[in-house]
Every structure is written in structure tokens, then in C-alpha cells.
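Engineer: here's my sequence, what's the structure:
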Amino acid sequence: MPLGSVDRRVPSLFRQGPSLLSQLAFYSALALFLMVADARFKLTEPVRQVVASVLYPVQWLVIQPVSLIHQGTEYMQSMEQAQAQARAADQRLVQVAQSAHLAEQLLDENLHLRALLALREHLASPGQAAEVVHDTPDPYTRRVVIDRGQTSGIALGSPVLDANGVLGQVTRVYALRSEVTLLIDRDQAIPVFNPRTGARSVAYGDPSPGGGGNIELRFVPSNADVVDGDLLTTSGVDGVYPAGIPVARVLRVEHRADSAFSRIYCEPMARVQQARHVLVLPPVVALEDAPTAQSPAASAAKPAAPARAAAAKPAEKPATPAPAPAAARGRQENPR
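Structural biologist: Residues are numbered from 1 along each chain as shown. Next up is the predicted model:
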């Protein structure tokens, strides 16, 4: 074996350094010295700064995943909070819109009810308020159903009004509901009066298919004094509607050369298609037939009327007795 290939180092078995206890004691003393020196003389401050500067990029790279995870978590939480706040804001907006819509409806109803009460004050006949429940499902008629019936004293043929004028007439009465035929129904007719000219006529519902929401004056002579804008009221001659209630206003007058009558189209004063609160009046004939209530003074004065009549009658002379027969007179003169 060549001599150059022989390992001339001391075998590890014979290499012995300081013992572990010695190393522990040395390093402990060194650490204690460094701590005391750092606390007293700040010897390791430059070393610490150099080490911190060298390790800062490593720390930044190590902390980035944790920071990204933390930022992502905060972003998701903030997104959820923003979405929850947006949903709550939308719900509040819907509630506010509903409240505003309800307030508008209540204001509209209040105005209608006030107008109905004002109309009721001007009417001499008693009436009762009712609310329109729904329209009838028949597409060929123009009728509505109100929430008053026989139990409320609604009579067949009662006129129905709203705040602006005549709406229609009760044509069917049930226990808790009543059916009102509107003025624009093709089978409905109402006598009207023109206060400007004093002329009377009859207004009929719109006969066109589907109904145009208007009424028509028929059999009016072509030379009749009717102009656009004339107000038509109830005439009171039918015994159903009280006189003087607004019915319609003249929209258009058509004079036809092939006929002796004009076609007069009128717009109802009442809200025939948007009515919600109405006033139901008893027919005029029913009011006239009903006994009127008398006050106690009138009742007490009623029996005294015959006495006053007897006192006012002149005193009559007593009747003269008829002459007695001659034989009777002779017996009275000669009692013997």
C-alpha cells in the first residue's frame, strides 16, 4: 500500500474535546456575561440592528401569507357586513315606500270621506257610507259590489253617490252585500236636468262594446239648447234620486243631418271606475212613504186641535120645538 494513501489523522476514538458539562458551563457564563453587558453597556445593540436589518426581508416574506390570509378574512367579513347592511337598507326602503303609499291611500280616503260627509250635509235624505269591495266578474256589465246589504237596511233601487255626484243604483241586494249598477252600464238610465236651460232629458249608459266610461243623452232635438260644458243634475221626477245632485257634464254635441235628434256625449261627474267609498241613500219614494217622527210638543198640540176648532165654531141657535097637534093643545088648555 502506498504511503500517500494512509490517513495520518488521529482517530476519532482518541479525539476528545471539552466535556458536555464544561460546554454548558461555558455557554451559560457567556450568555450571562452578554446579558449583563447588554443591559449595562449596550454592547449588542449594533449587532442587533445589523441582524434585524439582514433578517427584515426574510421576516417580510414569511409574514406575507399570514397577512394575505388575514386581509382576505377581513375583506370577506366586511363584504358580508356590507351586503347585510344593503339588504337591511333595501328592507327599510321597502317599508318606507309601503308606509308612504299607505299614507297616500289614507290621505286619499280621508279626502273622499270628508267630501262624502260634506255631500251628506247638503242632502236632506239620510244615508249610510259603504265601501266598494270588488267589481262584478261579468265583462258585459258595469257593476260593483259594496259591503252593505239587507242587514244594514239597504233597499232595492237605492241611489248610490260618491263625493262628486251620482255613481249608480242598487239593483241587487243580498244579506251582507249589494250590487250597484253604474251609470255607464248600457242598461242604466237616469232622468237629468239642465239648470242652464231648464230642460229635462234621460241619460243612458254607453252602448259601445266594452263601454267607454261615458253616458249619452238620447232623443234630444237637433235645435235643443245644449252646449259643451253644460252640467246635468238629477231632476227628481223619477222618485228615486233626490233633485239637484250632479250627474254628468256635456263633452260633445253631434248634429246629424240624417236624423232629427242630436247625439250628446257626457262624462259622469262621479269616479265610476275608481270609486272606493260611496254613500247609499234610500229612494225618494220610500222617504215620502215613511212616517215622519213628531216632537212631543206637536203630539200634545194634536189633541187640542179639535177643541180649538170647536171653540172657533160659532154657537148655533137652539132648535125650536115643532108645534104640537091641535088635540094635544086642547087637552093641555082644558085639563078637565
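Engineer: quick one: list the elements packing against the longest helix seen in the chain.
Structural biologist: As assigned by DSSP state H, the longest helix anywhere in the chain is helix 45-122. Using 3 or more CB pairs under 8 Å, 6 or more residues apart in numbering; DSSP states H and E as the contact criterion, the elements in contact with helix 45-122 are strand 277-280. The C-beta positions use only the backbone N, C-alpha and C, and glycine is treated the same way.
Engineer: repeat that with 10 Å
Structural biologist: With contacts taken as 3 or more CB pairs under 10 Å, 6 or more residues apart in numbering; DSSP states H and E, helix 45-122 sits against helix 20-41, strand 128-135, strand 159-161, strand 277-280.
Engineer: ok, which of the ones you listed comes nearest residue 84?
Structural biologist: Among these, strand 128-135 comes nearest to residue 84, with 40.7 Å by CB to CB.
Engineer: tell me the contacts of residue 189?
Structural biologist: Shown in contact with residue 189 (CB atoms under 10 Å, 6 or more residues apart in numbering): 169, 183, 202, 203, 204, 205, 215, 218, 238.
Engineer: residues contacting residue 46?
Structural biologist: Listed by CB under 10 Å, 6+ apart, the contact set of residue 46 is empty.
Engineer: please parse this protein into its domains.
Structural biologist: 31-122, 128-288 (automatic domain parsing).
Engineer: and the ones you listed, which one averages the lowest pLDDT?
Structural biologist: With a mean of 83, domain 31-122 has the lowest mean pLDDT of the domains of the chain.
Engineer: just how off-centre is that domain within its chain?
Structural biologist: The chain centroid and the centroid of domain 31-122 are separated by 41 Å under CA atoms, centre = their mean, to the nearest Å.
Engineer: related to what we said a few turns ago, export the contacts of residue 189 to TSV and append columns for neighbour count and secondary structure.
Structural biologist: What follows is the contacts of residue 189, written out as TSV (neighbours: other CB atoms under 10 Å; DSSP: H, G, I helix; E, B strand; the rest coil):
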residue	neighbour count	secondary structure
169	22	strand
183	28	coil
202	15	strand
203	23	strand
204	18	strand
205	26	strand
215	29	strand
218	15	strand
238	17	coil
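Engineer: what's the farthest-apart pair in those residues?
Structural biologist: Greatest spatial distance among these (CB to CB): 169 and 218, at 18.2 Å.
Engineer: so how far is residue 93 from the residue nearest the centre of the chain?
Structural biologist: The chain has residue 105 as the residue nearest its centroid, 3.8 Å off, counting by CA atoms, centre = their mean. Using CB to CB, to the nearest Å, residue 105 is found at 19 Å from residue 93.
Engineer: and residue 42, by the same measure?
Structural biologist: Residue 42 is 64 Å from residue 93, where distance means CB to CB.
Engineer: then residue 274?
Structural biologist: Going from residue 274 to residue 93 by CB to CB gives 28 Å.
Engineer: go on, residue 84?
Structural biologist: To residue 93, residue 84 is 15 Å away according to CB to CB.
Engineer: and the contacts of residue 189, which is closest to residue 64?
Structural biologist: Of all the contacts of residue 189, residue 183 has the smallest distance to residue 64: 81.8 Å, by CB to CB.
Engineer: so that closest one sits right up against residue 202, yeah?
Structural biologist: No - checked against CB atoms under 10 Å, the pair residue 183 and residue 202 is beyond contact range at 11.9 Å.
Engineer: overlap in contacts, these two.
Structural biologist: Common neighbours of residue 183 and residue 202 (CB under 10 Å, 6+ apart) are 189, 190.
Engineer: residues in contact with residue 232?
Structural biologist: Contacts for residue 232 (CB under 10 Å, 6+ apart) come out as 165-166, 190-196, 199-201, 203, 215, 217, 226, 246-250, 264, 266, 268-269.
Engineer: just the ones of those residues in strands?
Structural biologist: When the contacts of residue 232 are checked against strands (DSSP state E), the matches are 166, 190-194, 199-201, 203, 215, 217, 246-250, 264, 266, 268.
Engineer: which among those residues count as buried?
Structural biologist: Buried subset of these (neighbour count, 16 or more other CB atoms under 10 Å): 166, 190-194, 199, 201, 203, 215, 217, 246-248, 250, 264, 266, 268.
Engineer: hang on, the earlier thing: most tightly packed of the helices and strands packed on helix 45-122?
Structural biologist: Among the helices and strands packed on helix 45-122, the stretch with the highest mean neighbour count (mean count of other CB atoms under 10 Å) is strand 159-161, at a mean of 26.
Engineer: gap between that strand and the chain center?
Structural biologist: For strand 159-161, the distance from its own C-alpha centre to the chain's C-alpha centre is 21 Å (CA atoms, centre = their mean).
Engineer: tell me the strands beside that strand, with direction?
Structural biologist: Strands that pair with strand 159-161, judged by DSSP bridges, come out as strand 166-173 (antiparallel), strand 277-280 (antiparallel).
Engineer: got the ones you listed as TSV, with distance to residue 77 columns?
Structural biologist: Output for those, formatted as TSV (distance: least, CB to CB, whole Å):
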stretch	distance to residue 77
strand 166-173	61
strand 277-280	53
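Engineer: ok, which of these comes nearest residue 67?
Structural biologist: Of the strands paired with strand 159-161, the one closest to residue 67 (CB to CB) turns out to be strand 277-280, at 67.5 Å.
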